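*Asks:* I'll drop the sequence and a predicted model, then ask my questions.
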Amino acid sequence: GVMYANGQGVPQDDAEAFRWFRQAAAQGDAAAQTNLGVMYANGQGVLQDDAEAVRWYRQAAAQGDAAAQTNLGAMYAEGRGVRQDDAEAVKWYWQAAAQGDARAQALLGLMYANGQGVHQDDAEAVKWYRQAAAQGNAQAQYSLGVM
């Protein structure tokens, strides 16, 4: 699936990538479930369907997949495929951030900076921005500079 998604050794083909990810996801593979969620969220190789993206992210997130947890948090933050819920977004960002996911750390910092789903706390925002920035996350580096 990854080879078709990236066009590595084969022509790039989202529909074929989707087919392979679906097979692996049906067997419980968390990475494939996350990739299916991304494909549904972006309409790659399949019709765009936020609710279906959330379903696959949730399955992978329950297995501890940090990328799925981050993506699920973003779906809650944006109200895509689920009712918008900042507190639920923070919950998922936190789980991924605790595993070292730089994108989740940056997004968690943003939630603290803006007081979305948590009490506004600049010190906590800076803490999460620093962790993400140290991993090279440009959004966090910018946000840290703004702070």
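*Replies:* Good, I have the coordinates. Residues are numbered from 1 along each chain as shown.
*Asks:* can you pull the domain assignment for the protein?
*Replies:* As recorded under automatic domain parsing, the domains making up the chain are 1-63, 84-147.
*Asks:* looking at these, which is nearest to residue 71?
*Replies:* When those are compared by C-beta to C-beta, domain 1-63 sits nearest residue 71, at 5.0 Å. Backbone N, C-alpha and C define where each C-beta goes, glycine included.
*Asks:* show me how far that closest one is from its chain's centre.
*Replies:* Domain 1-63 sits 13 Å away from the centroid of its parent chain (C-alpha atoms, centre = their mean, to the nearest Å).
*Asks:* make TSV out of the domains of the chain and add distance to residue 72, mean neighbour count and mean pLDDT.
*Replies:* TSV is the format used below for the domains of the chain (distance: least, C-beta to C-beta, whole Å; neighbours: other C-beta atoms under 10 Å; pLDDT from 0 to 100):
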stretch	distance to residue 72	mean neighbour count	mean pLDDT
domain 1-63	4	18	97
domain 84-147	5	19	98
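*Asks:* can you tell me the SS state at residue 125?
*Replies:* Following DSSP: H, G, I helix; E, B strand; the rest coil, the label given to residue 125 is helix.
*Asks:* check contacts around it.
*Replies:* For residue 125, the contacting residues are 109-110, 112-113, 143, 147, by C-beta atoms under 8 Å, 6 or more residues apart in numbering.
*Asks:* circling back: mind putting the domains of the chain in CSV, distance to residue 76 included?
*Replies:* CSV is the format used below for those (distance: least, C-beta to C-beta, whole Å):
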stretch, distance to residue 76
domain 1-63, 9
domain 84-147, 4
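*Asks:* quick one: closest of these to residue 75.
*Replies:* With C-beta to C-beta as the yardstick, what comes closest out of the domains of the chain is domain 1-63 (5.3 Å).
*Asks:* enumerate the positions of stretch 69-78 that are buried.
*Replies:* 69-77 (16 or more other C-beta atoms under 10 Å).
*Asks:* which stretches of the chain form strands?
*Replies:* Along the chain, no stretch is classed among the strands by DSSP state E.
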